[in-house]
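Chemist: Please find the sequence and the predicted model below.
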Amino acid sequence: MSFFSPTFADRRKMPLPSRPSQSPLQQSRDLSTSLSNLPGLETLTNQAGKLKDAVKKVGKKGKQKLKKDSGSREQMEDEPLMDNRMAPSPGAGDKMDKSKAAAFSKMMPTSIGWRKPRQERFDPPLYKSPPPEVEMDLTDSARPQKDMPGRRNKIAEKVMAAAFNHSERRQIGKGLVGRVLNRSYRKQRIDSEVKQQLESIEDHRPYFTYWLTTVHVVILIISLVFYGFAPIGFTYTQRRDLVLQANLVVETVGYMEPDNFWIGPRPADLIHLGAKYSPCMHRDEQVYVRLADIRREENDTGCCIRTDNAGCVQTVSSMCSTSFATFAKWSINSGPNNLRRSGPVCGQDHRTCKVPASVKPNEWPDDITKWPICKESFEDSEYPHTTCDLTGRPCCIGIDGTCKIVSQEYCDFVKGYFHPEATLCSQVDCLDDVCGLIPFGNKEKPDQIYRLWLSIFLHAGIFHCILSIIMQMTILRDLEKLAGCLRIATIYLISGIGGNLMSAIFIPYRAEVGPAGAQFGLLACLVVEVLQNYQILRNPGSALGKLLIIISALFVLGLLPWIDNYAHLGGFICGTLLSFIFLPYVYFGEFDRNRKRLQIVISTVLLLLYFMAMFIIYYLKPLRNCNWCSYFNCVPLTEDFCSNMDVRLENDELHPTR
């Protein structure tokens, strides 16, 4: 005999019994007569009574438990309050409302009736908060205060569980980019050994990502506070104003200042902050050849003294008005007391300077470009060029070290570096003014090679920094969870240095900032990750092709101005080699394991050769005449589209250089 009664659906399918020919009273009498004749009826009756008593005891316990669990969310929302004994199954043809149908659909038949599934029966009851309108009427004493500590503990447990949750750990070969590009594993290639390797890979916290992002933001804020903003645009912005010149004439002065579409400081300010700029990093012969030409021109200058005693200025004879001024220039026939040909210098003379004095063996040479700055002079002087008021002094303008003898008002207008202590351009070091930071150990040999890594932490503007933060909080953060803080920091920094080194070779006279090379080193990590896990990825060729298409598109964007494509290329090369060295990998057999170990050795050797070749080219064999090199970095769509970001002065013939 089966203890399971038919379900409600089965009963609905059962045929209805035919109408009996006898009356119901007659049928009842016949049935009682037949039952009284059955053997063992008393035994069955006793057993039924005992079973009924047991059901009552179970019912009492169930009713008590039901009262305790009355706050259960599932019972309050999904079930009507029922007696602990389950309602009997409806008979065939009986109507059943929706609430009963939902209750019976959750029941399961057992030997003693119907019960809820095990999972629902043993779930702890949850506190169901009353509706807002009811909660407003409750007093503090009526609120469920006993549940609050438990709720706090549950919140703390959830926070700690989320902090130590590794269910969303970074999967090798997939990661964030893999999820975006719908990458998946080939399960048939993941055997027990490969699975054990995958499970043994640790999941790291992205501490380096957070530190780097904080540093980038702080440095950008400081640079904007101290240096301000350059004009926003893609070419140049023209500025004009009436400015007092060194000859005491007010003239209209104009200059073209380079724009910055990143919304940030001027190029000269970026160099001061530590941008990659080759003339500040080593001795550039082209720069010093130009400075030598400037000094030869300055050696032919003299002192133009105004006849109305309004002042004097150092200039060439062609720029000194014969109507309102007198041009003083020494020659071999100057007199028996002076046999010099170079000079004089406005405001300075070797015969009147007290500190430093021109006496043997430290006598000043017959070349004013080698004269020192006179710090103290004798009070009495009979020479007119030493007693006049100087109306012009050296001013360093632009990022290429150009020096002019101009008024302070003019120098401030063009945002130059004015030197009130000097009288000649040869007495100041404009390149040191442009570079800033730590002064050169030797004036003739710039040595700020640390700009290769310092520029990684700088940005050209707000928009530039936002793009870097997006890159770091997505790709860098994702890779750091796989590789760890030290490994990903090594890949990031060395890739950035390698990219800046290549940029300093091919485009030495452009001030470049930002982690462009480091970011392309991270993209190289994604490519190497696909190559190293080629066997377990489904459609690895498609995954590799998608990555290469994205990287190629970024190289095309690098043809725009203010984007360093050579840093991209150098960073990608270094990032590829570093990824083979530092990224964790999974091997598929002993041969594959040895092959990947050999890759580490080969990549290390190639990385060292790369840096050796780059430094040899940079210091010993610099590229002088490479006309095509600039086209890989910027395509000149207009005349000023790929300019070198230097200041352009107008009416330059009116203001003599040096």
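Modeler: Alright, I've got the coordinates.
Chemist: Tell me where the chain has strands.
Modeler: Taking DSSP state E as the test, the strands found in the chain are 108-110, 113-115, 236-244, 250-258, 302-306, 312-315, 325-328, 353-355, 376-377, 393-397, 402-406, 417-418, 648-649.
Chemist: Among those, which comes closest to L569?
Modeler: Closest approach to L569 among the strands of the chain (Cβ to Cβ): strand 250-258, 24.4 Å. From N, CA and C alone the C-beta is placed, and that goes for glycine too.
Chemist: tell me the mean pLDDT over the closest one?
Modeler: The average pLDDT for strand 250-258 rounds to 87.
Chemist: still on that earlier bit, could you say which one of the strands of the chain comes nearest to L620?
Modeler: Using Cβ to Cβ as the measure, strand 402-406 is the one of the strands of the chain that comes nearest L620, at 28.0 Å.
Chemist: Restricting to C-alpha, output that closest one in CSV.
Modeler: Coordinates of the C-alpha atoms in strand 402-406 are reproduced here as CSV (Å, rounded to 0.1, in the frame of the first residue of the first chain):
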residue,chain,number,x,y,z
THR,A,402,67.0,82.7,-26.6
CYS,A,403,68.4,85.8,-24.9
LYS,A,404,67.6,89.5,-25.6
ILE,A,405,68.7,92.8,-24.1
VAL,A,406,65.2,94.3,-23.4
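Chemist: okay, the angle between it and strand 393-397?
Modeler: Angular relation of strand 402-406 and strand 393-397 on a 0 to 180 degree scale: 140 degrees, by axes from the mean of the first three to the mean of the last three Cα atoms, to 10 degrees.
Chemist: next one: strand 402-406 to chain centre, how far?
Modeler: Relative to the centre of its chain, strand 402-406 is centred 40 Å away, using Cα atoms, centre = their mean, to the nearest Å.
Chemist: List the buried residues of it.
Modeler: Residues of strand 402-406 classed as buried by neighbour count (16 or more other Cβ atoms under 10 Å): 402-406.
Chemist: returning to that earlier point: nearest to L482 among the strands of the chain would be which one?
Modeler: Among those, strand 250-258 comes nearest to L482, with 41.0 Å by Cβ to Cβ.
Chemist: re earlier: same list (the strands of the chain) but as CSV, adding distance to F580.
Modeler: What follows is the strands of the chain, written out as CSV (distance: least, Cβ to Cβ, whole Å):
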stretch, distance to F580
strand 108-110, 58
strand 113-115, 61
strand 236-244, 45
strand 250-258, 40
strand 302-306, 66
strand 312-315, 61
strand 325-328, 70
strand 353-355, 63
strand 376-377, 65
strand 393-397, 46
strand 402-406, 46
strand 417-418, 47
strand 648-649, 46
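Chemist: so which of those strands gets nearest L431?
Modeler: Closest approach to L431 among those is made by strand 393-397 (8.4 Å; Cβ to Cβ).
Chemist: Tell me the helices and strands packed up against the closest one.
Modeler: Packed against strand 393-397, as judged by 3 or more Cβ pairs under 8 Å, 6 or more residues apart in numbering; DSSP states H and E, are the following elements: strand 402-406, helix 408-413, strand 417-418, helix 430-435.
Chemist: Just the buried residues of it, please?
Modeler: Along strand 393-397, the positions that meet the burial threshold by neighbour count (16+ other Cβ under 10 Å) are 393-397.
Chemist: Out of those residues, which two sit at the greatest distance?
Modeler: It's R393 and I397 that sit farthest apart of the buried residues of strand 393-397, by Cβ to Cβ, at 13.0 Å.
Chemist: Dump the helices and strands packed on strand 393-397 into TSV; add distance to G175 and mean pLDDT as well.
Modeler: What follows is the helices and strands packed on strand 393-397, written out as TSV (distance: least, Cβ to Cβ, whole Å; pLDDT from 0 to 100):
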stretch	distance to G175	mean pLDDT
strand 402-406	50	91
helix 408-413	53	93
strand 417-418	49	94
helix 430-435	41	92
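Chemist: Please work out which of the ones you listed is packed deepest.
Modeler: strand 402-406 (a mean of 25; mean count of other Cβ atoms under 10 Å).
Chemist: Okay, E382 and F641: tell me how far apart.
Modeler: 58 Å (Cβ to Cβ, to the nearest Å).
Chemist: between these two, who's got more neighbours?
Modeler: Between E382 and F641, counting by other Cβ atoms under 10 Å, F641 is the more crowded of the two (13 against 8).
Chemist: still on that earlier bit, V215: which of the strands of the chain is closest?
Modeler: Nearest of those to V215, taken as Cβ to Cβ: strand 250-258 at 26.6 Å.
Chemist: quick one: buried residues of that closest one?
Modeler: Along strand 250-258, these residues count as buried under the neighbour rule (16+ other Cβ under 10 Å): 253, 255-258.
Chemist: before we move on, back to that, out of the buried residues of strand 402-406, who's nearest I549?
Modeler: Among the buried residues of strand 402-406, and counting by Cβ to Cβ, the member closest to I549 is T402, at 44.5 Å.
Chemist: Dump the buried residues of strand 393-397 to CSV, plus pLDDT and distance to A357.
Modeler: As requested, those are arranged in CSV below (pLDDT from 0 to 100; distance: Cβ to Cβ, whole Å):
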residue, pLDDT, distance to A357
R393, 95, 23
P394, 95, 23
C395, 95, 28
C396, 93, 28
I397, 91, 33
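Chemist: so where is the chain shaky, pLDDT-wise?
Modeler: When the per-residue scores of the chain are filtered using pLDDT under 70, the ranges that remain are 1-52, 54-152, 156, 159-168, 332-338, 644-658.
Chemist: Show me which helix runs longest in it.
Modeler: Of all the elements of type helix in the chain, the one with the most residues (DSSP state H) is helix 590-619.
Chemist: How far does that helix sit from its chain's centre?
Modeler: Relative to its chain's centre, helix 590-619 lies at 27 Å (Cα atoms, centre = their mean).
Chemist: list the helices and strands it packs on?
Modeler: helix 485-506, helix 565-582.
Chemist: Give the full set of residues in contact with the closest residue to I469 other than its chain neighbours.
Modeler: The shortest distance from I469 to any non-neighbouring residue, by Cβ to Cβ, 6 or more residues apart in numbering, is to T213 (5.6 Å). When contacts are counted by Cβ atoms under 8 Å, 6 or more residues apart in numbering, T213 touches 469, 472-473.
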